[in-house]
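Student: I would like to see how this sequence folds:
(chains A and B)
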Amino acid sequence: MKNSSLLNRIRESRLFLPLGALALILAFDALFLPGFFKLGIIEDPVYGNHLYGNLIDVLNDGAPLALIAIGMTLVIATGGIDLSVGAVIAISGAMGAVLINPILGNQLSLNVEAARNATNTPLPIIVLADLAAGTLCGLWNGLLVTKAKIQPIVATLVLMVAGRGIAQLITNGQIMTIYYTPYFWFGNGFILGLPVSIYIVLAVAILVWVAVRKTSIGLFIESVGTNAKASYYSGINEQNVKLLAYTLCGLCGAIAGLILSSYVHSADANNIGLNYELDAILAVVMGGTLLTGGRFSIFASVVGAMVIWAFTLTVYTLGVPANALLAAKAVLVMVVILLYSDYFRRFLNRLSERKAVQPEVEKGAERGTAN
Amino acid sequence: MVETQNLLNMKGITKSFPGVIALEDVDFSLSRGEVHSLVGENGAGKSTLIKVLTGVEHLEAGSIELEGELVQVRSPQHSLELGISTVYQEVNLCTNISVAENIVLGHEPHRFGSIDWRKMNRLASQALKRLEIDIDVSRPLGNYSLAIQQMVAIARSLEFTSAKILILDEPTSSLAVHETNLLFDVMRKLKSEGIGIIFITHFLDQVYRIADRITVLRNGKLVGTYETASLPLVGLIGKMLGRSITDLDAVIKSKVEHEQKEREERVLEAKGLGRTGSLEPVDLELGVNEVLGLAGLLGSGRTEVANLLFGIDKPDSGWLTLKGKEIKRFSPLESLKNGLALCPEDRKAEGIVGDLTIRENIILALQARYGWFKFLSPEKQSKIAQKFIQLLGIVTPSPEQLAKNLSGGNQQKLILARWLATNPQVLILDEPTRGIDVGAKAEIQKLVLDLADEGKSCVFISSELEEVLRISDRVVVMRDHKKAAEYSGDVNDQTIIQTMAGNL
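Tutor: Next comes the predicted model:
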């Protein structure tokens, strides 16, 4: 009895399905892709000795998406959606690039060596400006949704479209290459042999978790997402709750932008963080948060992001060309939709129910025939 | 043999859900041309029995015989094909399309590849004529009263199936008196055509007006099936509750004690409080220990008063003071901080947060008052939840159950618990006993009187006049979005009914 209830608790946990999906993908890798799990230590004069291998790549490459998914979880839990996160990544990246050197990238390339250590703005200020830009974007979305009462999908569509334009304005329409080495640390550095980005994701996830679960904010988000009207009648300030969720989502987008622009050494307003909003939504859905809002789990969404990157890397390792990746992803989306459907859930429930009530049914059947 | 054969025979019906046995060995039968009432407290198993019969749930043991043939109802669709039609409490129709479209939806007559509107309207009119209802079927359904909408739902359920059994689940909950009469006429008409009707309601007086037989369920078990004529009301209530009706007696007694209290201090005062388009300026006073009843027909402005007092809507005229302090900012949060509480009329849409647990629902308003950072620890939450679950007698295996799984009466208690947890000075209860069973009703009435005795004040809104009269110290009657009259002391219900009706 105790065993089955523990089993039920595991099955009902929000982490069950995303962790299960991750385990399935990794099991596939273990069976069909020999060497996928190989880890090695590489000697790196710039960033220090560190681990390398596919698993490290999954964590490192998946970090920006995981960050976006954290913010997106909060927004979706309120019953909203944020389509602008990809654009926020672009704005944040552009801010960083411009603050490092406001002169156009092409001119700088003449003296690369000198640029490696040159910056126009101290690094802490660059980081702060990045984060501030993203936070402002989130606040803007939040204001449109709460004060102007525009539907979230429309409200954030505004910035999704306009954001990359704003990023281009910041970089003056150029793809800005970044040469300043200390900036690369966020996307390429290592601490204790593991990528910095992993630590950032962990820190943000824990901070956000504490912020929502050790205050009443998480409860209010879930309440508003489940029944906004009843929450309002109960005295919850629905607008502030939503405003906070969108703002935090913008902040998460900015951090992701910092890591991504640092990783690729450039700010490309048109391509950086492309389609991240859709991947993030998929990650959140895999984490078990309903698109209609309500219950959410930060960590389940992070695992969801990791599933997407484990899948992506597996597909690449299998030799599927990059331009066919979307087709392969479509398969993943299909499987996720089916696994999370009511039908599949009923199937799971029936499986466990059948075991539990088996004796009673037999008893009932006996009596039925006796009558 | 065929003549005496029952239309429907359900035998030994058993159904359990994880942790609960919803139905245990229940028998139920229905003859042709019979109105058979199914009564019982919330959670007695009425809905489950209906769900089994309509194929929403599958039975674990027992048998269903329809016209002498053993059947297995596989799905709601299948039950329709078998001739079992159901009309639910909430009308499941589209108010923004025409009556005719609602009736023929899914069976539209076609002509030259497009919908034959004239034929459709004729079909719909005929369907309604069968119920002796004559209305313009081309107008949107939303233009008609709830009663007519209810009839349309019945017409729809009868028209495209050869219905033999009609299940009416709480059809009169939101109907006015004359609308209920209309529904009863229709029921008698169908009865004479040989259709068997299963009638579920909380209004026991209606059971006595229309039902031929009564089946009582309690805690998932069959108490018995009785001829209506042979079971007096007191006996019926006793069977439903499984205990004597001392609870009801207690309510009546405490009323006497309650009235002896002195009241001088004024808690709440509204002068000329109104809002254009929803409520004409109203004067109201509320003393300590006082229960103020608010009577009136549906749409008379009762709920509008409650919403203005609690700050759901903002008044645009007049003022409101609470303990002598004028209220300047109107919002639920401000009201909550000022010691007001509102149990809203629509408990599903405005009260219960279904996907949260009972514990979370109970502490929700209290936590809203504390704000974001003064977070009640899970231990404290559990303590508060336990306390109010016990105090109000909320029936649940655990505070960690989801609120949406509670029955209607328990959900109502849950909302009350949410507000009592904030220790309010003034409670505004908008239809707190609607759609809940006799036992829970008595408990809630008693609770209101107890609270008044403890020094709280209460505004009590209800469609049931008898209830308002029984527990209120004063009664304000609303009509056409304004205050029509105010009565204190002894007033007979005829006077109030006349005031409610006005010159209608």
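Student: For residue B:171, grab the count of nearby residues.
Tutor: The number of residues packed near residue B:171 is 26, by other Cβ atoms under 10 Å in any protein chain shown. In short, each C-beta sits where N, CA and C put it, glycine included.
Student: my guess is it contacts residue B:201, does it?
Tutor: Yes. Contact status for residue B:171 versus residue B:201: in contact at 7.5 Å, counting by Cβ atoms under 8 Å.
Student: State the mean pLDDT of the host helix or strand of residue A:20.
Tutor: Taking DSSP states H and E as the criterion, residue A:20 maps to helix A:16-32. Per-residue confidence for helix A:16-32 averages out to 89 on the pLDDT scale.
Student: buried set for it?
Tutor: Under the neighbour-count criterion of 16 or more other Cβ atoms under 10 Å in any protein chain shown, helix A:16-32 has A:17-19, A:21-22, A:25-26, A:29 buried.
Student: Which two of these have the greatest separation?
Tutor: By the measure Cβ to Cβ, A:17 and A:29 form the most distant pair in those, at 18.9 Å.
Student: how about the helices in the stretch 51-200 of chain B?
Tutor: Taking DSSP state H, counting those that start in this stretch as the test, the helices found in the stretch 51-200 of chain B are B:76-81, B:99-104, B:117-130, B:146-159, B:177-192.
Student: Make CSV from the ones you listed and add distance to chain A to it.
Tutor: Supplementary listing: the helices of the stretch 51-200 of chain B in CSV, determined by distance: least, Cβ to the nearest Cβ, whole Å:
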stretch, distance to chain A
helix B:76-81, 16
helix B:99-104, 26
helix B:117-130, 34
helix B:146-159, 21
helix B:177-192, 27
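Student: Now render those helices as JSON lines, adding distance to residue A:64, mean neighbour count and mean pLDDT.
Tutor: Formatted as JSON lines, these follow (distance: least, Cβ to Cβ, whole Å; neighbours: other Cβ atoms under 10 Å in any protein chain shown; pLDDT from 0 to 100):
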{"stretch": "helix B:76-81", "distance to residue A:64": "47", "mean neighbour count": "16", "mean pLDDT": "86"}
{"stretch": "helix B:99-104", "distance to residue A:64": "51", "mean neighbour count": "25", "mean pLDDT": "86"}
{"stretch": "helix B:117-130", "distance to residue A:64": "57", "mean neighbour count": "18", "mean pLDDT": "86"}
{"stretch": "helix B:146-159", "distance to residue A:64": "53", "mean neighbour count": "22", "mean pLDDT": "81"}
{"stretch": "helix B:177-192", "distance to residue A:64": "61", "mean neighbour count": "16", "mean pLDDT": "85"}
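Student: okay, how far is it across stretch B:308-316, tip to tip?
Tutor: 10 Å (Cα to Cα, to the nearest Å).
Student: thinking again about what came up before, quick check, nearest of the buried residues of helix A:16-32 to chain B?
Tutor: Using Cβ to the nearest Cβ, residue A:17 is the member of the buried residues of helix A:16-32 that lies nearest chain B, at 17.7 Å.
Student: so residue A:291, which of the three states?
Tutor: Taking DSSP: H, G, I helix; E, B strand; the rest coil as the rule, one finds residue A:291 in the coil state.
Student: how near is it to chain B?
Tutor: Distance, residue A:291 to chain B, by Cβ to the nearest Cβ, to the nearest Å: 14 Å.
Student: From the structure, what's the count of residues near residue B:337?
Tutor: Neighbourhood size, residue B:337 [other Cβ under 10 Å]: 14.
Student: Between the two ends of stretch B:415-433, how far is it?
Tutor: Using Cα to Cα, the end-to-end distance of stretch B:415-433 comes to 12 Å.
Student: before we move on, the earlier item: out of the helices of the stretch 51-200 of chain B, which is closest to residue B:6?
Tutor: helix B:177-192 (15.4 Å).
Student: just the angle between that closest one and helix B:146-159, please?
Tutor: An angle of 20 degrees separates the directions of helix B:177-192 and helix B:146-159 when computed by axes from the mean of the first three to the mean of the last three Cα atoms, to 10 degrees.
Student: for helix B:177-192, packing partners?
Tutor: The helices and strands touching helix B:177-192, judged by 3 or more Cβ pairs under 8 Å, 6 or more residues apart in numbering or on different chains; DSSP states H and E, are helix B:146-159, strand B:196-200, helix B:204-210.
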